[in-house]
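K.L.:
sequence first, then the predicted structure, then my questions.
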Amino acid sequence: MAKTANLNVRIDPDLKSHVHGILEASGLTPTVAIEVYYRQIARKRGIPFEIIAPETTDVYYLQDNEEALALARKIMKDNNSLMEALAK
């Protein structure tokens, strides 16, 4: 049996419920979705998708998330710079 590790995160309860419904409809569990995400991060050596501010009125992407998006962009830029430096 493969060893496993626990991951504890704090997340908005409404967002959690919203995403769990999407995952359930897709036939995925949150555990599988997070493991897929982690594997993609390891494979790509960074966030496996572009983080952009969407043009939407969806409650999960409004003003409250702008700071998180800015931080994620900075981390991605720093990560890309590091990966370029390591490749030299």
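P.N.:
Cool, the structure landed.

K.L.:
quick check: mean pLDDT across the lengthiest helix in the chain?
P.N.:
Using DSSP state H, we find that the single longest helix of the chain is helix 66-87. The average pLDDT within helix 66-87 is 73.

K.L.:
quick one: residues in contact with that helix.
P.N.:
Residues from elsewhere that reach helix 66-87 (CB atoms under 8 Å, 6 or more residues apart in numbering): 45, 46, 47, 51, 52, 53. (Each C-beta comes from the backbone N, C-alpha and C, glycine too.)

K.L.:
tell me which of these is nearest to residue 7?
P.N.:
residue 47 (16.7 Å; CB to CB).

K.L.:
with just CA atoms, put stretch 3-22 into CSV.
P.N.:
Extracted in CSV, the C-alpha atoms of stretch 3-22 (Å, rounded to 0.1, in the frame of the first residue of the first chain):
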residue,chain,number,x,y,z
LYS,A,3,2.0,5.9,1.9
THR,A,4,-0.1,9.0,2.0
ALA,A,5,0.1,12.3,3.7
ASN,A,6,-2.6,14.6,5.0
LEU,A,7,-3.2,18.1,3.7
ASN,A,8,-5.3,20.5,5.8
VAL,A,9,-6.5,23.7,4.1
ARG,A,10,-8.9,26.4,5.1
ILE,A,11,-11.3,27.5,2.4
ASP,A,12,-14.5,29.5,2.0
PRO,A,13,-17.4,27.1,2.9
ASP,A,14,-19.6,28.3,0.0
LEU,A,15,-16.7,27.8,-2.5
LYS,A,16,-16.1,24.3,-1.1
SER,A,17,-19.7,23.4,-1.5
HIS,A,18,-19.8,24.8,-5.1
VAL,A,19,-16.7,23.0,-6.2
HIS,A,20,-17.6,19.7,-4.5
GLY,A,21,-20.9,19.8,-6.5
ILE,A,22,-18.9,20.2,-9.7
